[in-house]
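Enquirer: Sequence below, structure please.
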Amino acid sequence: MNMKRRLWKAVLALLLLGAWTAPTASANSAQSHWSGTDRAGAIVTDETCPLEVQGEKLTFEVQEFPRNYYNTMEEFLAYTGRVTAEYTFYNPADYTVTATLVFPFGAVPDYGYFYDDQLETAVCGVDGDKYDITVDGIAVEKRLRHTLAEQHDQFDLERDMALLHDGYVDDPFYTPDLTVRKYTYQVSGVDSEAYPAATAAFLLNADRDRTRVLLMEQTGGKTREEGVLADTWAGNGERYTVYCFGEPVGELDWRMYENGACEKEIDGSVELVDTATMTFKDLALADWKSESGVLEQDWYNAFVEDLNRSEWSCGVVSGSDIHENLSDVLMRWYEYELTVEPGERVVNTVTAPIYPSINTNYDPSIYTYTYLLSPAQTWQSFGTLDIKINTPYFITESSLEGFEKGEEGYTLSVEGLPEGELVFVLSTDEHPVKELPNLAYLVFYLPILLPILAVILIPVVAIVILVRRRRKRL
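Expert: Below is the predicted model of the structure:
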């Protein structure tokens, strides 16, 4: 399968989709759609835990909508949107149960990042200690945990829970002391005027159980009978970073091609200019900072998971698939312990900030909140679920039916655990209207789309004309 062709089709599809669903421009022409979080709920990490949830009370406090941008960390921390989950746990066993619980409450929203001039880095997760976790009214110690989570992936209980580890993940290939060799290559001798789309590539067919290779600047590739061809754009003076994990493959045999199809070779070379050796742990933690609020083990484990998700075949790990900054794709969890004596009932309260996705394509804007109900499937039994949404705004949509509107907001009580997650949309108007696309976006997209559409449509039109002519002759 031609991986580069598949990648190109995906990019083309996104471009075409963006032409039709691009957000309308606001008055100041700023970005008008921000993603929020969609992960919350409590989970027991021990599948055999006998504790029962006799009731859960969910209280959403939404007295204000978040802004799409905050100038200072203090302004962001002053945002009051939060959700409180109050669990009544019962221990039917004849022994004391001490369980480790985890409560996923999502990634940092797009509007929750700040640049620290002193650290010269982006700071996020400053709201992790904003609220307490209590048991019968007494605050308990909590720990902030992180796992890799793609921004647009739906929460999956089994998959995401499996990413939480007490220490470094026991991966069958990547280990802290695994040898990593770093190779730096440089391009020269390319006629850039004659070949503006010049591409450099190397062929690899390695035993993935012994060797894996990562080209950081990789832009595509394709599978051939003799292995996988990993390629990248080429220009004189450009440098490539290649990491070889495990057994070395030696100096790579680079070839230069006229374009990304990698069919016609041209003059030019990619020469090795530097080498270095390190351990895998050193590489995994190279961008980790203790002041980030992410545990060393969690960063390491997310790095391993990122590499495993980006692996193709024949030992190739795609540099085009790994994330440049892991901080952008980390889901946050609260982790804490709960002890319940035999026959005892305790009330456990967890409060966490909740951030909606903001969509200004509507007049007025709409705000979508998601709370995960599925994590409660880990409990032995589940009683009643009482939901309160304290807000002056209107619910325009909801995944659960039956909300009753009162003076303080909305309420709903159900027996047992509903299927799916809780998703509701709030707005300052009961009937927000979706605005028509702004013509300014067509002006922006047309120069990009017209050449692509021409490449697609011209052959199609030519084929149609030929078919019609042949039919007429027949």
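Enquirer: quick one: the helices in the stretch 251-400 of the chain?
Expert: 280-284, 296-309 (DSSP state H, counting those that start in this stretch).
Enquirer: Residue 137 is nearest to which of those helices?
Expert: helix 296-309 (29.9 Å; C-beta to C-beta). For every residue, glycine as well, the C-beta is placed using N, CA and C.
Enquirer: helices and strands around that closest one, which ones?
Expert: Secondary-structure packing of helix 296-309 (3 or more C-beta pairs under 8 Å, 6 or more residues apart in numbering; DSSP states H and E): strand 143-148, helix 280-284.
Enquirer: nearest spatial neighbour of residue 424, skipping sequence neighbours?
Expert: Using C-beta to C-beta, 6 or more residues apart in numbering and skipping the chain neighbours, the partner closest in space to residue 424 is residue 398 (4.3 Å).
Enquirer: I figured that neighbour hits residue 421, correct?
Expert: No. With contacts counted by C-beta atoms under 8 Å, residue 398 stays clear of residue 421, the gap being 11.4 Å.
Enquirer: Count the residues that sit near the residue nearest to residue 424.
Expert: 18 (other C-beta atoms under 10 Å).
Enquirer: what do you get for residue 273?
Expert: Neighbours of residue 273 (other C-beta under 10 Å): 11.
Enquirer: Can you give me the distance of the closest residue to it other than its chain neighbours to residue 286?
Expert: Distances taken as C-beta to C-beta, 6+ apart place residue 186 nearest to residue 273, at 4.9 Å, with adjacent residues excluded. Residue 186 sits at a distance of 22 Å from residue 286 (criterion: C-beta to C-beta, to the nearest Å).
Enquirer: Check residue 135 too.
Expert: 39 Å.
Enquirer: Below-threshold pLDDT in the protein: ranges please.
Expert: 1-48, 114-125, 437-474 (pLDDT under 70).
Enquirer: related to what we said a few turns ago, residues contacting the residue nearest to residue 424?
Expert: If you count contacts by C-beta atoms under 8 Å, 6 or more residues apart in numbering, residue 398 has them with 422-425.
Enquirer: could you dump the helices of the stretch 251-400 of the chain to a markdown table with distance to residue 362 and mean neighbour count?
Expert: A markdown table is the format used below for the helices of the stretch 251-400 of the chain (distance: least, C-beta to C-beta, whole Å; neighbours: other C-beta atoms under 10 Å):
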| stretch | distance to residue 362 | mean neighbour count |
| --- | --- | --- |
| helix 280-284 | 43 | 19 |
| helix 296-309 | 34 | 20 |
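Enquirer: nearest to residue 222, of those?
Expert: helix 296-309 (19.9 Å).
Enquirer: coming back round to it: so which of residue 186 and residue 286 has more stuff around it?
Expert: Neighbour count, other C-beta under 10 Å: between residue 186 and residue 286, residue 186 has more, with 15 against 9.
Enquirer: Output the contacting helices and strands for whichever strand or helix holds the more buried one.
Expert: Element membership of residue 186 [criterion: DSSP states H and E] is strand 179-188. Judged by 3+ C-beta pairs under 8 Å, 6+ apart, the packing partners of strand 179-188 are strand 239-246, strand 269-279, helix 280-284.
Enquirer: Let's see that with 6 Å instead.
Expert: Contact here means 3 or more C-beta pairs under 6 Å, 6 or more residues apart in numbering; DSSP states H and E; on that basis strand 179-188 packs against strand 239-246, strand 269-279.
Enquirer: Next secondary structure element downstream of it?
Expert: strand 199-204.
Enquirer: Distance from the chain centre to the next helix or strand after that next one, please.
Expert: Using DSSP H and E, the next helix or strand after strand 199-204 towards the C-terminus is strand 211-215. In terms of C-alpha atoms, centre = their mean, to the nearest Å, the centre of strand 211-215 is found 23 Å from the chain centre.
Enquirer: cool, stretch 148-163 as well?
Expert: Here the centre of stretch 148-163 is set off from its chain's centre by 9 Å, with C-alpha atoms, centre = their mean.
Enquirer: Touching it from outside, list them.
Expert: 39, 147, 302, 305-306, 329, 331, 372, 374 (C-beta atoms under 6 Å, 6 or more residues apart in numbering).
Enquirer: Let's see that stretch as PDB, backbone CA atoms only.
Expert: Taking C-alpha atoms only, stretch 148-163 is exported to PDB below (Å, rounded to 0.1, in the frame of the first residue of the first chain):
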ATOM      1  CA  LEU A 148      -1.700   9.900  26.400                       C
ATOM      2  CA  ALA A 149      -5.000  10.800  24.800                       C
ATOM      3  CA  GLU A 150      -5.600  12.000  21.300                       C
ATOM      4  CA  GLN A 151      -7.500  15.200  21.200                       C
ATOM      5  CA  HIS A 152     -10.400  13.900  19.100                       C
ATOM      6  CA  ASP A 153     -10.500  10.300  20.500                       C
ATOM      7  CA  GLN A 154     -13.500   9.200  22.500                       C
ATOM      8  CA  PHE A 155     -12.800   8.000  26.000                       C
ATOM      9  CA  ASP A 156     -12.400   4.200  26.100                       C
ATOM     10  CA  LEU A 157     -12.600   2.700  29.600                       C
ATOM     11  CA  GLU A 158     -10.500  -0.400  29.000                       C
ATOM     12  CA  ARG A 159      -7.900   1.400  26.800                       C
ATOM     13  CA  ASP A 160      -7.400   4.500  28.800                       C
ATOM     14  CA  MET A 161      -7.300   2.800  32.200                       C
ATOM     15  CA  ALA A 162      -4.600   0.400  30.900                       C
ATOM     16  CA  LEU A 163      -2.300   3.400  30.300                       C
END
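Enquirer: Buried residues in that stretch, which are they?
Expert: 148-149, 155, 157, 160-161, 163 (16 or more other C-beta atoms under 10 Å).
Enquirer: among those residues, which are in strands?
Expert: Those of the buried residues of stretch 148-163 mapping onto strands are residue 148, per DSSP state E.
Enquirer: State the pair within the buried residues of stretch 148-163 that is farthest apart.
Expert: Largest pairwise distance in the buried residues of stretch 148-163, by C-beta to C-beta, is 15.6 Å, between 148 and 157.
Enquirer: circling back to that earlier point, for the helices of the stretch 251-400 of the chain, give me JSON lines that also has distance to residue 250.
Expert: Shown next, in JSON lines, are the helices of the stretch 251-400 of the chain (distance: least, C-beta to C-beta, whole Å):
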{"stretch": "helix 280-284", "distance to residue 250": "20"}
{"stretch": "helix 296-309", "distance to residue 250": "21"}
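Enquirer: Of all those, which one comes closest to residue 53?
Expert: Of all the helices of the stretch 251-400 of the chain, helix 296-309 comes closest under C-beta to C-beta, at 27.0 Å.
Enquirer: Can you check what angle separates the closest one from strand 211-215?
Expert: Computed with axes from the mean of the first three to the mean of the last three C-alpha atoms, to 10 degrees, the direction of helix 296-309 lies at 90 degrees from that of strand 211-215.
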